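Asks: Predicted model, plus sequence, below.
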Amino acid sequence: MTEYTKDVADRVLRILQASGQVDETKMTEIMVQAESRSSRALALLMETKPDPDDPGKPPAAMVEEELVVNILSRAYALRRKNLAPSDVAKDALTSVPKDMIDREHILPFAREGRFLRVATVDPTKATLANQIKALSNQNVEFFLIKPSEFAACMGHEDVQASLGQKKKEEAAAAPAAEAPRPAPRRRSAYDIDDPTVVIKFVDDILEQSVTTDTSDIHIEPYRETARIRFRINGVLQAQDQFSDFLFHNYLAVITRLKILADCDIAEKRLPQDGAITFKAPDGEDVDTRFNVLPGKNGERICIRLLKGDPSLSIEKIGFKEADLKKLIDAITAPQGMVLVTGPTGSGKTTTLYGALQYINDPGTNIMTAEDPVEYYLEGLGQTQANEKIGLSFSSILRAFLRQDPEVILVGEIRDQETVEIAVKAALTGHLLLSTLHTNDAISTISRLLNMGVPSFMISAALSLVVAQRLARKNCPDCLVPDENATPAALEYIGFTAEEVQAMQPRKGSGCASCEGTGYKGRQGIYEVLRVTPEVEETILKQAQAPEILEAARLDNFMTMQEVGRDYIRDGVLCLEEFTRVLVVN
Ligand SMILES: [Zn+2]
């Protein structure tokens, strides 16, 4: 009978002991009997013997095969199967050389489509998948079976006959003494058949994400391929250099990442969250949030790189001078509500953290409730919201108010309960910062009204609204006239005919310094609505947007579209990018 290898047996024995299946006395006794060889010890535990106290009972083992296979299935994340000799298909058996079957104790038993199913007793044989794939030209799926099933199948006359015939065919096919050539495949920087490369592969993904200034990494399986995308400058970009190796080693890559993220590698049906910290090429630690989600073709992964960014300065993220001053006035006031709005990826968090960094000092008690925590700032009390365990923004906010903070940041206001507490906090001596999902600054007011906040409370609590977008800037090294920016297109986005006459819109044409994309760096586009006495008045009488805008104009309010048009005129943005981030519909 096949004995388990030392490493595998060690692991099973540890689990048996930890789970109380075999007590310490018994384990010691067996180890002595096995002369401390764990393979032998496990074999002894699995040996079927008659019960000396009750000879009438059928012989039983101290540890059943079934239990061992289940333990291994879980520990090595391999599926298990009950296999009878009649389940073994001849065409499967003959797709792998007999020498290999004999040497490695593996049993190819079924071919289905592009898959070859291979049974084994030893879970570490799963590392042979790529080698078998190269020989059989099929994707390999491993299944764990019991040692007794393996023995019964291999000993069966039909299986032996198929293997014998195979041997003859192989002999007849000589002089092909050399191993069959693997099918040609696309070039890849990674040797697809070398499983030890997985660790380096994963390291490379993480490293390249840092050097390309990626904000998140997406790893996704499809039926015929797999891919990795980096979000760079807010846009997802496929990283094709990884695709081949990833597709052929998808499980191994996912498993490696799960191990790094401290997730359960055997759990494949439920989403899991974790965290990975790794060293960037410059030696800095990079923190990430890790999420794995089951999907139709396998698990997909999203890794978000957190920035411990010391350069988070509101002075450097692209506010116009007058707007920056309004923002600073609002966040240095002792109380009030400052809201930042914009779609996902528009840089709201950067603005909020820039504001927090500006006012962060040891004398100020700042508390944040976030989902997820995206940045780390020294000196802040940061709490991760978790709706699943009832830790909602509103419940955290309530708890905060008992801790007497001066400044509170709530990741997002999305329900009435949260908005009520937030407004109350802003009216009772706290500076409250948060985000809201609205298209622009002015419509934030009607959104708050719709959430049930009375207009007099909005006018009293709200001090400032920032609405924002994040656009890719033209690469300054390869500027050419922007042929998309026809007079008609420019007038469509709000330029006058005279303005069109006087301008020369530009775009990047792609060069080495922008990696051929034509874009380099990002430009925040902001509109900043200060709640002046005039704006307050329009809120109190629940005026429509045009009237609020008119009141805001008295304070030199500029819409994002107006700010963006300035950037087109100055050659900072191209028309296409303006349209992408600023034109709704
Ligand atoms: Zn360029």
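Replies: Cool, got the structure. Given the structure is predicted, the values throughout are model-derived calculations rather than measurements. Numbering: from 1, shown residues only.

Asks: Check the burial of V286 by counting its neighbours.
Replies: V286: 18 surrounding residues under other C-beta atoms under 10 Å. Where C-beta positions appear, they are placed from N, C-alpha and C, glycine not excepted.

Asks: The one 5 residues further on too?
Replies: Using other C-beta under 10 Å, N291 is surrounded by 17 other residues.

Asks: next one: the one 5 residues further on
Replies: Other residues within reach of K296 by the criterion other C-beta under 10 Å amount to 8.

Asks: try N474
Replies: By other C-beta under 10 Å, 29 other residues sit near N474.

Asks: just checking, it touches E576?
Replies: No. Assessed by C-beta atoms under 8 Å, N474 is found out of contact with E576, at 10.3 Å.

Asks: So which residues of the stretch 1-150 of the chain form helices?
Replies: Along the stretch 1-150 of the chain, the segments classed as helices by DSSP state H, counting those that start in this stretch run 6-18, 24-33, 38-46, 65-75, 90-93, 98-104, 129-136, 147-155.

Asks: no, scratch that, I was asking about the stretch 351-500 of the chain
Replies: Going by DSSP H, counting those that start in this stretch, the stretch 351-500 of the chain shows helices at 393-401, 416-427, 441-450, 455-461, 487-492, 497-501.

Asks: worst average pLDDT in the ones you listed?
Replies: For the helices of the stretch 351-500 of the chain, mean pLDDT drops lowest on helix 393-401, to a mean of 88.

Asks: Quick one: residues contacting R231.
Replies: T214, S215, D216, I217, H218, Q237, G345 (C-beta atoms under 8 Å, 6 or more residues apart in numbering).

Asks: returning to what we had before: nearest approach to A545 belongs to which of the helices of the stretch 1-150 of the chain?
Replies: Across the helices of the stretch 1-150 of the chain, A545 has its closest neighbour in helix 65-75 (58.7 Å, C-beta to C-beta).

Asks: Now that closest one: buried residues?
Replies: Judged by neighbour count (16 or more other C-beta atoms under 10 Å), helix 65-75 contains these buried residues: E65, L67, V68, V69, I71, L72, S73, A75.

Asks: what separates the fourth one from the ion, distance-wise?
Replies: Using C-beta to the ion, to the nearest Å, one gets 58 Å for the distance from V69 to the ion.

Asks: so where's the stretch 1-150 of the chain uncertain?
Replies: For the stretch 1-150 of the chain, residues meeting the criterion pLDDT under 70 lie at 1-2.

Asks: What's the ChimeraX line that selects buried ones from the contacts of R231?
Replies: With 16+ other C-beta under 10 Å as the criterion, this ChimeraX line picks the buried residues out of the contacts of R231:
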select :214,215,216,217,218,345
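
Asks: right, and out of the contacts of R231, which lies closest to the ion?
Replies: Nearest to the ion among those: Q237, at 15.6 Å, using C-beta to the ion.

Asks: That closest one - that's part of a strand, no?
Replies: Yes. If the criterion is DSSP: H, G, I helix; E, B strand; the rest coil, then Q237 is within a strand.

Asks: measure stretch 32-46 end to end?
Replies: One end of stretch 32-46 sits 16 Å from the other (C-alpha to C-alpha, to the nearest Å).

Asks: Please identify the buried residues of it?
Replies: For stretch 32-46, the buried set under the neighbour-count rule, 16+ other C-beta under 10 Å, comprises A34, S38, S39, R40, A41, L42, A43, L44, L45, M46.

Asks: Show residues contacting it.
Replies: 1, 3-6, 9-10, 12-13, 16, 22, 27, 30-31, 61-65, 68, 147.

Asks: same deal with stretch 342-360?
Replies: For stretch 342-360, the surrounding residues in contact (C-beta under 8 Å, 6+ apart) are 231, 234, 312-314, 317, 327-328, 331-332, 338, 340-341, 366, 368, 374-375, 377-380, 407, 409, 431, 433, 435, 437, 466-470, 522, 524, 526, 581.

Asks: picking that back up, now the buried residues of stretch 32-46 in CSV, with distance to the ion?
Replies: As requested, the buried residues of stretch 32-46 are exported to CSV (distance: C-beta to the ion, whole Å):
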residue, distance to the ion
A34, 68
S38, 61
S39, 62
R40, 67
A41, 66
L42, 63
A43, 66
L44, 70
L45, 67
M46, 66
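
Asks: Out of those, the closest to L306 would be?
Replies: Distances from L306 to the buried residues of stretch 32-46, taken by C-beta to C-beta, are shortest for S38, at 41.8 Å.

Asks: got the contact list for the nearest residue to the closest one once chain neighbours are set aside?
Replies: Using C-beta to C-beta, 6 or more residues apart in numbering and skipping the chain neighbours, the partner closest in space to S38 is A9 (4.1 Å). Counting by C-beta under 8 Å, 6+ apart, A9 touches E3, S38, S39, A41, L42.

Asks: And for V202?
Replies: V253, R256, L257, L260.

Asks: So the first one sits against E220, correct?
Replies: Which is V253. No. Here V253 does not reach E220: they are 11.6 Å apart, not a contact under C-beta under 8 Å.
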